[in-house]
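S.K.: What would the 3D arrangement of this be:
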Amino acid sequence: MEREVCAMVDVGWLAQNGPCKKFTSGQRIPCPGGPDPAERAMYILLTGRVDVFKASAAGGTKSVGSLLPGDVFGGREYFTDVDDCTYSAGIDSVVYVITESSFSDLSWSQPDILFEVFRAAYLPLRKMSASEKTASAKAMQEASTPPKADDMPKGKAAAEKKKESSAPASATPAGAVIFPEGHKRYPGIIKPEYAKLVFPKDYECPLCKKTFTDYKVFRSKLYESSPMRYDLRKNYTDFQTEWYDIITCHHCLFSAFHNYFTEPKPIRKEKCENELNTVRASIKLGFSADRDIDFVFTTHYLALICSEGYLSIGRQIRAKIWGNLSWLYEDVGDEDMEKFSAEKAAQAYETVYTESRLSPVQEQITCLSIAGMQFRAGIDRNLKKFLFTAKTIKMGDKTFAKLAEEFMYDLREEGATADS
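M.R.: As a prediction, this is how the structure comes out:
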């Protein structure tokens with residue numbers, strides 16, 4: 001078999017800009033997908049391995065090779081309806097999906113990649129009909145020719161067209177204004193097993209007052225899989241609550257923790273509306289699509305913006321959001337962004353500590369959060385002092401006092417190990 005190697009493909013650009021799809025080991029990858037043009041697709045392998053099979057003379061199929069990251073496949077099936085090969089994920093794999101809609105965006109933004117797509121589709125075919133050669137040459141010429149100025153969308157319409165064609169339905173482009181520098185897209189991370197622990201619920205938006213249906217967690221069905229961590233993170237069996245902590249209005253994109261929808265608090269509507277109007281053009285969320293990690297990140301950053309509309313509790317909301325973000329970045333293995341958001345969380349909790357009236361238990365929680373987030377960020381601004389306060393405060397909770405004591409012990413042990 002001639003491998004459809006695509007040496008010029010910028011895999012990183014594709015992974016960041018999408019649309020991408022994950023296939024689990026052994027799952028068949030449909031090529032071209034179906035008679036509906038919207039379903040027809042070809043692919044570029046981003047991570048993993050795809051095995052290629054052909055029908056054997058003796059019956060059944062035989063393996064004829066494997067594709068590696070950067071390889072293009074499905075092009076022959078897409079353009080010529082030749083279907084002598086079948087494809088399946090040899091291991092868990094993520095692919096860039098080229099459909100009619102993403103094809104247009106790819107031709108504008110990455111013509112070199114588009115050339116490789118055609119090359120992979122047609123070069124393996126040793127004999128081509130005259131009509132196929134003509135069609136291939138025409139398609140390549142049209143794809144590589146820049147559109148005339150009169151044909152190009154102008155202003156905001158052009159920006160909207162580009163965003164719609166390049167972004168997956170479930171997430172906002174990584175370059176959108178709501179994200180801090182360094183944030184990336186993390187394609188293929190979904191948690192379908194979480195669906196059994198949530199149920200649909202109707203909500204009314206505190207901002208636009210429209211109703212919509214989202215999800216609520218079956219809290220009674222959650223079981224802790226390990227003791228609460230030093231930064232107060234709770235881990236549950238087959239579930240992480242951060243994925244469903246934030247509710248986003250399907251109409252105006254107002255976002256907040258779920259309890260602020262069920263128990264609304266006073267908000268400065270003008271502040272929220274102004275902030276959302278600034279960023280709404282760069283947001284694309286597919287509420288009906290499978291929830292992925294990019295959707296979760298987007299809703300958290302929207303909630304961070306909307307927190308400015310809350311007067312007395314905005315600082316607490318921001319601290320909790322940054323804490324959630326640090327855990328989410330930890331889960332996707334982005335160490336730099338994990339430390340960045342953990343430091344942001346520590347700073348936000350310090351603001352809560354200095355500017356709010358706290359009960360003894362609230363003070364314990366805040367001090368533990370400051371210390372835990374500082375530790376994860378690799379910084380020390382009176383870290384041990386906050387732990388000592390959480391341990392010794394009067395009228396506090398024994399659970400938090402014990403957690404602070406254990407944290408202090410671990411730090412002493414770590415220091416002793418380093419000294420030796």
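
S.K.: spatially speaking, which residue is in the middle of the protein?
M.R.: Per C-alpha atoms, centre = their mean, the C-alpha nearest to the average position across the chain is that of residue 294, at 1.7 Å.

S.K.: immediately after whichever strand or helix holds that residue, which helix or strand?
M.R.: Residue 294 belongs to helix 293-306 when elements are defined using DSSP states H and E. Note on helix 293-306: by DSSP H and E, the next helix or strand toward the C-terminus is helix 314-332.

S.K.: now the very next helix or strand once past that following helix and helix 293-306, what's the angle there?
M.R.: Using DSSP H and E, the helix or strand that follows helix 314-332 towards the C-terminus is helix 335-355. Here the directions of helix 335-355 and helix 293-306 differ by 30 degrees (axes from the mean of the first three to the mean of the last three C-alpha atoms, to 10 degrees).

S.K.: Report the residue ranges of every domain in this protein.
M.R.: Here the domain parsing of the chain from automatic domain parsing is 11-166, 170-311.

S.K.: would you list the ones you listed in JSON lines and tack on distance to residue 374 and mean pLDDT?
M.R.: In this view, the C-beta of every residue, glycine as well, is placed from N, C-alpha and C. Output for the domains of the chain, formatted as JSON lines (distance: least, C-beta to C-beta, whole Å; pLDDT from 0 to 100):
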{"stretch": "domain 11-166", "distance to residue 374": "31", "mean pLDDT": "67"}
{"stretch": "domain 170-311", "distance to residue 374": "9", "mean pLDDT": "90"}
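
S.K.: Let me know the angle separating the helix holding residue 294 from helix 314-332.
M.R.: Using the same axes, to 10 degrees, the inter-axis angle of helix 293-306 relative to helix 314-332 is 160 degrees.

S.K.: Surely residue 204 and residue 210 touch.
M.R.: Yes: counting by C-beta atoms under 8 Å, residue 210 is a contact partner of residue 204 at 7.3 Å.

S.K.: residues contacting residue 42?
M.R.: 31-32, 72-75, 77-78, 98, 117, 121 (C-beta atoms under 8 Å, 6 or more residues apart in numbering).

S.K.: got CSV for the residues you listed, with neighbour count and secondary structure too?
M.R.: Below are those laid out as CSV (neighbours: other C-beta atoms under 10 Å; DSSP: H, G, I helix; E, B strand; the rest coil):
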residue, neighbour count, secondary structure
31, 20, coil
32, 20, coil
72, 24, strand
73, 24, strand
74, 27, coil
75, 25, helix
77, 22, helix
78, 21, helix
98, 24, strand
117, 27, helix
121, 23, helix
